[in-house]
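S.K.: the sequence and its predicted three-dimensional model are supplied below.
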Amino acid sequence: MEKYFVANEEDKGNLFALGPFINFDKQLPKIGEKRLNIVIELEKGRFRWCVPMERYQKVGQAILERYLKDPTFINWIEKKTVKAADKLYDFSQKILKKDVSTLTTKSIQQLLIRHRVLVEEMISWGAIPTIVELSNEYLTNYLFKILEQKIKNFRLKEPLVYYFQILTDTWQKGLNIKERTDFYRLLLNIKKFSKRKFFKKLLKEKILIHMEKYNWLNFGYNGFTKSLPDYLKEAEMLIKQRQLKDKLLNLISAKSKLIKEQKRLEKKLKLNPLEKRMFKIARKTVFIKIYRRDALAFSLYATNKLLLEISKRAHLPLSLVRYILPQEAERAVEDTNFRRILLKRSQYCVYLYKNKKLVVLIGNEAKKAMNNLLVKTKKLNIFEFRGTVVFPGKVQGKVKIINKKEDVGKMKKNDILVSIATIPEIVSAMKQAGAIITDVGGLTSHAAIIARELKKPCIIGTKIATKVLKDGDLVEVDATRGIVKKL
């Protein structure tokens, strides 16, 4: 039997939001590759995406080879992903304008099914460049070899990761950069009133307007990850800082500075046309992930209206309704026994293809399926291991294992954040961290993107960090060479 491995693991998931990912590979036949039959395991919100190891790596290698041979391939993938994401945006906008209380349950179900189709299309195009990185970091390793040779040939002093970080960063940022720019402008405009009695009221009013426009960016699989108190706390902290204006100016000038520096490094390293193209592919890979992420967040924000209406009609908590498949909306309303099934799914379920049909397994049947499929792993007694560097630096600190929002309270300033894969709910802990280490991830992973934004030393894709380290371990993170040492 073919064995599967965990390609990604995160927290705060549910079957409705994650369901479309099971068909993340549906576009592979269009580029001459076989499907990968992903398996999704959910346990009380914690979820793992599992894929067949050997085939996954073969597909990743094949896509890299396609990059090398076909200069237009990444542009085609980008165009397809953006087009699919824009269709999803348009559909979501229409849902937000509807009075869903006037719709029949069947109509709501049809909208949920349409949403799934659109998300599947977007995800499956956007997954093609992601597969290259999540399997064996094929693209990253290819780029590292280029830089290693250039540094050796020209006897350069800067560390490899300096060149890698600049040349793979994208100036095509997501809407979160526009949100930050507008947020800093808002705070600068009202900072002059900070000593007035009406300041707190004014601040709240302005932030509510800002949230109306942008807070959907903070809509995760289970709802909003950022509340009004979170915004107010952050605003009050930023207003006290003298660097607020500098933060805004840095954001505004970041694009032109990055493009200028990339051109300078390309010239300094004497990159040939193929080498330039491969670094451009890395930048486009990051952009595709960001664009896809924003579109998915907006669609989940919009369809939450539909799930709330189903929750009301079925007299079920929203947390259970999030465990329906789109085609089960009518059943959730009409079948009172369905509640018990949803409750069991929320505790533990596995979503997979069985006999060429998609099924949701629960209870012992689900556990047996995973035991048969998954490669077994053990706790390792290792004192040094490696990963891929996405932002350079060298620090020492105490380990804190942070996999979910409830773990964030453990984090203290300059602790070393270790996670299977970081998620939006733990960004506050990432901000405190001296460095970030993950088991899984590539150029487009959440950890890679956020670490670059925060300028935190970060090593991803170690595969074993959470199996080797535990809370309180003292470690040295050498994010210039990609080495983690237990001290």
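M.R.: Arrived safely. What you see is a predicted model; the values in this text were computed from it and never measured.
S.K.: shouldn't Val427 be within a helix?
M.R.: Yes: assessed by DSSP: H, G, I helix; E, B strand; the rest coil, Val427 belongs to a helix.
S.K.: would you check how far apart it and Lys233 are?
M.R.: 14 Å (CB to CB, to the nearest Å). Where C-beta positions appear, they are placed from N, C-alpha and C, glycine not excepted.
S.K.: swap in Leu358?
M.R.: 43 Å.
S.K.: do the same with Ser299
M.R.: From Ser299 to Lys233 the distance is 28 Å (CB to CB).
S.K.: those two - which one has more neighbours?
M.R.: Shown here are Ser299 and Lys233; by other CB atoms under 10 Å, Ser299 has more neighbours (26 against 12).
S.K.: please name the nearest non-neighbouring residue to the residue nearest in space to the middle of the chain.
M.R.: The structure's the chain has its C-alpha centroid closest to His446; by CA atoms, centre = their mean the separation is 4.0 Å. Spatial nearest neighbour of His446, chain neighbours left out: Thr422 (5.0 Å); criterion: CB to CB, 6 or more residues apart in numbering.
S.K.: and the pLDDT for that neighbour?
M.R.: Looking at Thr422, its pLDDT is 87.
S.K.: where does pLDDT dip in the stretch 1-150 of the chain?
M.R.: Across the stretch 1-150 of the chain, the ranges flagged by pLDDT under 70 are 1, 135.
S.K.: rerun at 90
M.R.: By pLDDT under 90, the low-scoring segments of the stretch 1-150 of the chain are 1-12, 34-37, 45-46, 48-49, 51-57, 130, 132-138, 140-141, 144.
S.K.: and the helices in it?
M.R.: Ranges of helices in the stretch 1-150 of the chain, per DSSP state H, counting those that start in this stretch, are 15-18, 53-69, 73-97, 105-136, 138-154.
S.K.: let me see the domain layout of this structure.
M.R.: 4-135+296-373, 384-486 (automatic domain parsing).
S.K.: closest to Ile239 out of the ones you listed?
M.R.: Of all those, domain 384-486 sits nearest to Ile239, with 17.2 Å by CB to CB.
S.K.: any idea how far that closest one is from the chain center?
M.R.: Centroid separation between domain 384-486 and its chain, computed with CA atoms, centre = their mean, to the nearest Å, is 15 Å.
S.K.: repeat for stretch 54-70
M.R.: Centre-to-centre, stretch 54-70 and its host chain are 22 Å apart (CA atoms, centre = their mean).
S.K.: hang on, the earlier thing: the residue nearest to His446 and Ala447 touch, don't they?
M.R.: Yes: Thr422 is within contact range of Ala447, at 4.3 Å (criterion: CB atoms under 8 Å).
S.K.: shared neighbours, these two?
M.R.: Shared contacts of Thr422 and Ala447, defined by CB atoms under 8 Å, 6 or more residues apart in numbering, comprise 430, 436, 438.
S.K.: picking up where we left off before, what about the residue nearest to His446, which SS state?
M.R.: Secondary structure, three-state DSSP: Thr422 is coil.
S.K.: tally of neighbours for it?
M.R.: Neighbours of Thr422 under the rule other CB under 10 Å: 30.
S.K.: list the residues that contact it.
M.R.: Counting by CB under 8 Å, 6+ apart, Thr422 makes contact with 402, 430, 436, 438, 445-447, 450.
S.K.: rerun at 10 Å
M.R.: Going by CB atoms under 10 Å, 6 or more residues apart in numbering, Thr422 touches 10-11, 402-403, 429-430, 433, 436-438, 441, 445-451, 458, 460.
S.K.: now Tyr231: how far from Ser194?
M.R.: When distance is defined by CB to CB, Tyr231 is 16 Å away from Ser194.
S.K.: with neighbour numbers in mind, choose between the two.
M.R.: More neighbours surround Tyr231 than the other of Tyr231 and Ser194, with 21 against 14 (other CB under 10 Å).
S.K.: all strands for the stretch 251-400 of the chain, in order.
M.R.: 349-354, 357-362, 384-386, 388-391, 394-401 (DSSP state E, counting those that start in this stretch).
S.K.: point out the most buried one among these.
M.R.: strand 388-391 (a mean of 27; mean count of other CB atoms under 10 Å).
S.K.: now for that strand, which elements pack on it?
M.R.: Other helices and strands packing on strand 388-391, by 3 or more CB pairs under 10 Å, 6 or more residues apart in numbering; DSSP states H and E, are helix 138-154, helix 160-168, strand 435-438, helix 446-454, strand 458-460.
S.K.: mind running it again at 6 Å?
M.R.: Packing contacts for strand 388-391, counted by 3 or more CB pairs under 6 Å, 6 or more residues apart in numbering; DSSP states H and E, involve helix 446-454, strand 458-460.
S.K.: for these, give me CSV that also has mean pLDDT and distance to Ser101.
M.R.: Formatted as CSV, those follow (pLDDT from 0 to 100; distance: least, CB to CB, whole Å):
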stretch, mean pLDDT, distance to Ser101
helix 446-454, 84, 36
strand 458-460, 92, 45
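S.K.: which of those sits most buried?
M.R.: Of all these, strand 458-460 carries the top mean neighbour count, a mean of 31, counting by mean count of other CB under 10 Å.
S.K.: pLDDT value on Thr444, please?
M.R.: For Thr444, the pLDDT comes out at 68.
S.K.: can you check Arg331 too?
M.R.: Predicted confidence (pLDDT) for Arg331: 97.
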